Every structure is written in C-alpha cells, then in structure tokens.
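K.L.:
A predicted structure for the sequence below; I have some questions about it.
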Amino acid sequence: MAVLQRALFTWFILLVFLILLVLRLDTRIHWNWFIVFIPIWFYDNILMVYVFFNMMSYCRNGHDRLSNSVQRKLWYLLAIILKMLSLIILCLKLENPSYNISTVYVMIPIWILLPFSVSDVFLTLIKSSRSRYL
Amino acid sequence: MFFSLNELVQWLGLTVFELWINLISLCVFSVLVTLRTEGITDQSPDTWWIVFSPLFIADALNAYFCTIVLIRMYLEAMYKVAFLRVLWSFCFLTTIFVFEFLLCKKLSGQSSLEYSEVLSPVFILLQLMAVRACQLH
C-alpha cells in the first residue's frame, strides 16, 4: 500500500469513528460501546495483519517495506495488543457502570505503551538532531 | 508500524520535537485524568482545568517552537516555506487548542454545548488532514 492509500484509509476510519462517537456521546444513538468502536477494531485488526505479513516477508526474504528488525515488529504487535486491551476495558467500563471498573485498569496498557513511545521518539530526535529544524 | 515516523511527520506537518512534546503531555494528562476520575484528587469541577493543563502547556510550547522556527526561516529569506509552515502550524494548534478548551469547559459544567459542537474543530482539522494526505507521495 502506498503512503497515500494508508493515510486516506486511516483518515476515513478516524472520521467514521468520530462521527459514531459524537452521536453516542450526544445520546442520539444508544448503541453498545463495542459497536461504536467497530472502526477502531477493524483498523487494529488490519494493522496486526499488515505487521504480521511484513514480519513473515522479512523472515522469508530478509527484507520488507518496513525495513525494521523482527524485534521491532514484535514490539509493534505488542503495542497494538496493548491498545486494543485498553479499549476493550474502556468499553466494558462504559457499558457496565455497575461493575465499577477502575480507570487505572484502562490506563495500565497505555502507561506501558506511552513511555516506550516517548523514549523511541526521543531517540529518533537525538539521531536527527543534526537536521536544522529538528 | 502502519506509518514510519518520517511519513507521519510529513502527513501531520509536525516536527519530531513537537510529536515528542505532545506524547509527554499525553503521558502526564493520562495520569491526571485517572487521579481525577478515581476521586483521588479534589472533585470540584474547576480541577478539570488542572487536568488539562499539560495539554495547554504542550500547545504553548509548540507555538513557541513554531515562532522560533518562523523567525529563523524569515532571517534566512525562506519566505514561502516559512509562510506555508506557519499557516499549517497555526491551523493545527488553533483547532487542537479550541477542542481542548471546549472539552474542558464542557467537563467542568461551564458550557452547555453538545459533543458534536465540542468536536467540530477536530472535524475541521480532519478535513485539512485529508487535503495534506492527498499531497503525500
């Protein structure tokens, strides 16, 4: 997939999700929260398949489009799983207020994911610090 | 993952430094939101402004960074590039800031706007991002 197709696909998924989210928050629809999050589930699954096939391609040919190590691709898969886990707990919390699920459980996968992302971006920033405008 | 960092920077029109600032602010924001919703901190409606403060600070830092870059580009006579960059940064930062401001007001009960109105800046930003996506190659 070219970068244009990937960007437009991401954009479309985000748009549909935001429309559903707004309708649900304004209580114009009373759908289950898991249904509202369908665009995100769909996107995450596509992402997992994409990373998995790239990993397979890398193992078979020694190179692929992402040109990252297998370790990094496994980290990508873990990141997607953590994000999905967080959203599943969030949907359970919103759908069943009587369960009193703590927000901490929703945030734990995010708190694992975010520091790694911050350090990864920071390392890239350090590497590209020779560039004039960062 | 789906996008490399370079592709993401190209599409969003942000620098890696701005992305990093936003990620750090999101980290702090997630902790503050949890403390607020779990009732560990003060439950008065005004505390939402404190919860949202990392996001506002990140916006301010990004605006400052963009101003510095604009001045440097202007001094080096890169007028057209500087104009396009500042135009996009202004649109991006303004829409994000307005969204955060409206959401904060809504959560603190100071506004009777609906969520569709609160998210309207995000929808505007999405349209601009669609235009930028079409320019990717």
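P.N.:
Received, thanks.
K.L.:
dump the residue contacts of B:Ser116.
P.N.:
Neighbour list for B:Ser116: A:22-23, A:26 [criterion: CB atoms under 8 Å, 6 or more residues apart in numbering or on different chains]. For the C-beta atoms, the positions are set from N, CA and C on the backbone; glycine is no exception.
K.L.:
chain A contacts on chain B?
P.N.:
With CB under 8 Å from any CB of the partner chain as the criterion, chain B comes near chain A at residues B:1-5, B:7, B:10-11, B:15-17, B:19-20, B:23-24, B:26-27, B:30-31, B:33-34, B:37-38, B:69, B:72-73, B:114-116, B:119, B:122-123, B:126, B:129-130, B:133-134, B:136-137.
K.L.:
now intersect those with the helices, please.
P.N.:
Helix and strand membership here follows DSSP state H; of those, those in helices are B:5, B:7, B:10-11, B:16-17, B:19-20, B:23-24, B:26-27, B:30-31, B:33-34, B:37, B:69, B:72-73, B:115-116, B:122-123, B:126, B:129-130, B:133-134.
K.L.:
the nearest residue to A:Val16 once chain neighbours are set aside sits in which helix or strand?
P.N.:
Nearest in space to A:Val16, with sequence neighbours left out and distances taken as CB to CB, 6 or more residues apart in numbering or on different chains, is A:Pro39 at 4.6 Å. Per DSSP states H and E, A:Pro39 falls inside helix A:38-61.
K.L.:
so what touches that helix?
P.N.:
A:1, A:9-10, A:13-14, A:16-17, A:20, A:34, A:64-66, A:70, A:73-74, A:76-77, A:80-81, A:83-84, A:87, B:1-2.
K.L.:
give the buried residues for stretch A:89-98.
P.N.:
A:89-91, A:93-94 (16 or more other CB atoms under 10 Å in any protein chain shown).
K.L.:
of the ones in helices among the residues of chain B next to chain A, grab the buried ones for PyMOL.
P.N.:
Of those, the buried ones go into a single PyMOL selection, burial set by 16+ other CB under 10 Å:
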select buried, chain B and resi 10+11+16+17+19+20+23+24+26+27+30+31+33+34+37+69+73+115+116+122+126+129+133
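K.L.:
fine by me, thanks again.
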